[in-house]
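>>> Prediction below, plus the sequence it came from.
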Amino acid sequence: MSEIKVDTLTGKTTANDITVTVGATATAKLEQGLAKCWFNYDQDAPAVDDSFNITSITDVGTGQFDPQWNNNFSNVNYACTGMGPETLYVTQDDGHGETVLTTTADCGMRMIQYTGSYVDAEQTMVVAHGDLA
């Protein structure tokens with residue numbers, strides 16, 4: 001068994017170009033597989049319980065919040081997944097039409113009850129994946 005201990009990994013050709021072999025032959029770019037942001041948010045307080053790459057979260061209203069990233073994404077095509085207590089789910093605010101309210105710096109999000117109404121949840125967890133600027 002081998003063990004490597006380092007403080008910094010940097011690609012030889014390009015700083016962010018590190019390829020990892022996954023399984024027997026499949027490869028993946030290390031940077032692509034990393035979560036770029038995550039947070040655990042208490043909408044009742046409101047307070048960020050813990051986070052990575054979050055500057056702040058704006059409480060917009062009941063069940064409505066807007067996280068701001070510390071390091072922006074390179075484009076608006078990143079993916080966020082979220083969860084909350086039992087009958088609640090996290091969704092992106094699409095502006096109630098064709099206008100998407102996602103920017104490279106933040107993303108309007110909502111906690112919605114199965115009945116369709118916005119609600120504050122004590123524990124809202126979100127993870128974002130994509131390319132950082």
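Noted; the coordinates are in hand. Numbers count the residues shown, from 1 in each chain.
>>> how about low-confidence regions in the protein?
Counting by pLDDT under 70, the chain contains low-confidence residues at 94-101.
>>> Walk me through which strands the top strand by length along the chain pairs with, and which way each runs.
In the chain, assigned by DSSP state E, the strand with the most residues is strand 54-61. Paired strands of strand 54-61, with direction, are strand 64-69 (antiparallel) (DSSP bridges).
>>> Return the set of buried residues in the partner strand.
Residues of strand 64-69 classed as buried: Gln64, Phe65, Asp66, Pro67, Trp69 (neighbour count, 16 or more other Cβ atoms under 10 Å). All C-beta atoms are positioned from the backbone trio N, CA, C, and that covers glycine.
>>> Out of those residues, flag the one nearest to Ser2.
Trp69 (35.9 Å; Cβ to Cβ).
>>> How about the contacts made by the spatially closest residue to Ile57 that is not a sequence neighbour?
Nearest non-adjacent residue to Ile57, counting by Cβ to Cβ, 6 or more residues apart in numbering: Pro67, 4.7 Å away. Contacts for Pro67 were tallied using Cβ atoms under 8 Å, 6 or more residues apart in numbering; they are Cys37, Phe39, Tyr41, Ile54, Ser56, Ile57, Thr58, Asp106, Cys107, Met109, Val126.
>>> isn't the second one right next to Val126, touching?
So that's Phe39. Yes: distance between Phe39 and Val126: 5.7 Å, which falls inside the contact criterion (Cβ atoms under 8 Å).
>>> Is Gly130 in contact with Ala79, as I believe?
Yes: between Gly130 and Ala79 there is a contact under Cβ under 8 Å: 6.3 Å.
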